[in-house]
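what shape does this take:
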Amino acid sequence: MGMVGCYDAHFYCDCCNEFSQVAQVETHEEAIEAAQKGNGGWLFRADGVILCETCKDIKNPILIPENKREGSVWNWKIAEAQEQSHE
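Below you'll find the model as predicted:
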C-alpha cells in the first residue's frame, strides 16, 4: 500500500516581500513550475533570489536583507521604498 501526500508551497519576493502560495503539489519542482506559470510568472534566479511578477521587470532590484526576508519580520522602510518604486 502506498501513500501520496501533497503540500502547499509558500514563496516570498526577495525584493518587495509579496506572497504567493502554490497548493497541492507533490514535488519542489512542481511548486516552482506552478509559481512560474501562475501569478504573472515569478522569477526564480539561479542565485536563489525569488522575484514576483512586478519586481522581476526591475533592472537592478533592491533586495531585502536576507535576515529580514520571508514574512512577518522585515524592514518597513525598505518595503515603503519598494512600494514607491512600483508606482
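
Glu53 and Glu26: what is the separation?
Distance of Glu53 to Glu26, computed by CB to CB, to the nearest Å: 24 Å. Any C-beta I mention is one placed from the backbone N, CA and C, and that applies to glycine too.

what about these two, which has more around it?
Taking neighbours as other CB atoms under 10 Å, Glu53 and Glu26 compare with Glu53 leading, 15 against 11.

what sits closest to that one if chain neighbours are left out?
Excluding the flanking residues, the one nearest Glu53 by CB to CB, 6 or more residues apart in numbering is Gly40, at 3.0 Å.

neighbours of the one you found, how many?
Neighbour count of Gly40, defined by other CB under 10 Å: 12.

that one: what's it in contact with?
When contacts are counted by CB atoms under 8 Å, 6 or more residues apart in numbering, Gly40 touches 52-54.

where in this structure is pLDDT low?
Counting by pLDDT under 70, the chain shows low-confidence ranges at 1-5, 39, 69-87.

can you map out the helices along it?
With DSSP state H, the ranges of helices along the chain come out as 28-37, 76-86.

packing partners of the shortest one?
Going back to what we said before, that points to helix 28-37. strand 7-12, strand 19-25, strand 43-44 (3 or more CB pairs under 8 Å, 6 or more residues apart in numbering; DSSP states H and E).

so how far is that helix from its chain's centroid?
For helix 28-37, the separation from the chain centroid amounts to 11 Å (computed by CA atoms, centre = their mean, to the nearest Å).

same thing with stretch 56-63?
Worked out by CA atoms, centre = their mean, stretch 56-63 lies 13 Å from the chain centre.

how about it: buried residues?
Using 16 or more other CB atoms under 10 Å as the test for burial, stretch 56-63 gives 56, 61, 63.

can you tell me the distance between the two ends of it?
Stretch 56-63 has an end-to-end distance of 11 Å (CA to CA, to the nearest Å).

and stretch 27-43, by the same measure?
End-to-end span of stretch 27-43 (CA to CA): 18 Å.

if we can go back for a sec, what distance do you get for the residue nearest to Glu53 to Ser20?
10 Å.

buried stuff in stretch 15-22?
For stretch 15-22, by 16+ other CB under 10 Å, it's 15-18, 20, 22.
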